[in-house]
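**Q** Next input, structure requested:
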Amino acid sequence: MRPRRRRWWAVPPTTAVRAALAVASDLDEWHVMVLRPRPPPKNAWPSPRRSVDPVRMAQTKKRADLFLPPEEDPREGGPTLGDERATLVEYLRYQRLTLELKCADLGPEQLARRSVPPSTMSLLGLVRHLAEVERRWFRVRMSGLPDVAYYISTAEPDADWDGAAPDQALVDEAWRNWRTECAFADRFVAEAPTLDVTGRTAQGPVSLREVLVHMIEEYARHNGHADLLRELIDGRVGQ
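**A** Coordinates of the predicted model:
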C-alpha cells in the first residue's frame, strides 16, 4: 500500500467547501486549513475606512451611473450602421455633446474653477481650447484660410487656458466661438468629396480622415479631464 498523501487546502469555513472536500479517494487524506479573520495587533494604526463619514459614504455616487437618463441623453440615437464618414462624424458628435453635458447647469465661477495648482485647466478653459483646436484643424489646415486665433498668440500660447476667468461674457463668447467652429467643421466634412482630401501642416500633408480620427481622440482625452473637473465642482459623476 502506497503512503497516504496529505493535501492542504486553505479555504473559508463554508459548509459547501467542507462537503466537497469530504469526497476524496481512500488513498488520499485531505486536511482543511480553515481561514478565520486575524485580530488586529495591539497598538495598530486605525484602518482608513473607520475614519470615513458614513453619511458621506451613503451619498457617494458610482462612476458607472448615467449622467442623464437615457431618454434625456442627446448623444443617443445616432447612426450605428453608417459608412466610414458617417461613423467618424457620429463619434465626433458624441464627444462634442459629452463636453457640453459636463459643463451643463454651471455658473461662470464653477466653469472657471481650476483643478489643482499649478494647473490652469478648467471647464471654461477646455471650451476655449477646443474652439481653437477646431479652428486650427478645419478652418486653417484643411481649408487654407487665414490663421486668426480667438485667444492664443505667439506671446501668450496658453491664453485659452489662462484667460478663462469667471465672467459670464467670457463664457458666452467661448460657447459662441466653439459652436461657430464646430458648424464650420461639419460643413467642410459634409461637402468634402472623399475623406482622402488633404490639408497642410508643418509636418506635411494630412488627410481629412486623419483629422477626424485625431479630433475624436482630442475630445476623448479632454472629456476625461472634464469628468474630473465636474466631480471636483459639485460631485456629479457618470458616463
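
**Q** So which bits of the longest helix along the chain are buried?
**A** Taking DSSP state H as the criterion, the chain has its longest helix at helix 208-234. By neighbour count on 16 or more other CB atoms under 10 Å, the buried set for helix 208-234 is 208-209, 211-212, 215-216, 218-219, 222-223, 225-227, 229-230, 233. C-beta: built from backbone N, CA, C; applies to glycine.

**Q** what helices or strands is it leaning on?
**A** In terms of contacts (3 or more CB pairs under 8 Å, 6 or more residues apart in numbering; DSSP states H and E), helix 208-234 is packed against helix 84-103, helix 123-134, helix 168-191, strand 198-201.

**Q** Show me the one of those that comes nearest residue 142.
**A** Of all these, strand 198-201 sits nearest to residue 142, with 3.7 Å by CB to CB.

**Q** which residues touch that closest one?
**A** Residues outside strand 198-201 that contact it (CB atoms under 8 Å, 6 or more residues apart in numbering): 137, 141, 142, 143, 144, 205, 206, 207, 208, 211.

**Q** of those residues, buried ones?
**A** Buried, going by 16+ other CB under 10 Å: 137, 141, 142, 206, 208, 211, out of the contacts of strand 198-201.

**Q** Report the contact partners of the fifth one.
**A** For residue 208, the contacting residues are 142, 189, 192, 194, 195, 196, 197, 198, 199, taking CB under 8 Å, 6+ apart as the criterion.

**Q** Pipe those into JSON lines and attach pLDDT per row.
**A** Shown next, in JSON lines, are those (pLDDT from 0 to 100):
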{"residue": "142", "pLDDT": "98"}
{"residue": "189", "pLDDT": "98"}
{"residue": "192", "pLDDT": "98"}
{"residue": "194", "pLDDT": "98"}
{"residue": "195", "pLDDT": "98"}
{"residue": "196", "pLDDT": "98"}
{"residue": "197", "pLDDT": "98"}
{"residue": "198", "pLDDT": "98"}
{"residue": "199", "pLDDT": "98"}
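
**Q** Out of these, which comes closest to residue 100?
**A** Distances from residue 100 to these, taken by CB to CB, are shortest for residue 189, at 19.1 Å.

**Q** Would you confirm that the closest one contacts residue 197?
**A** No: applying CB atoms under 8 Å as the test, residue 189 and residue 197 come out as separate, 9.7 Å apart.
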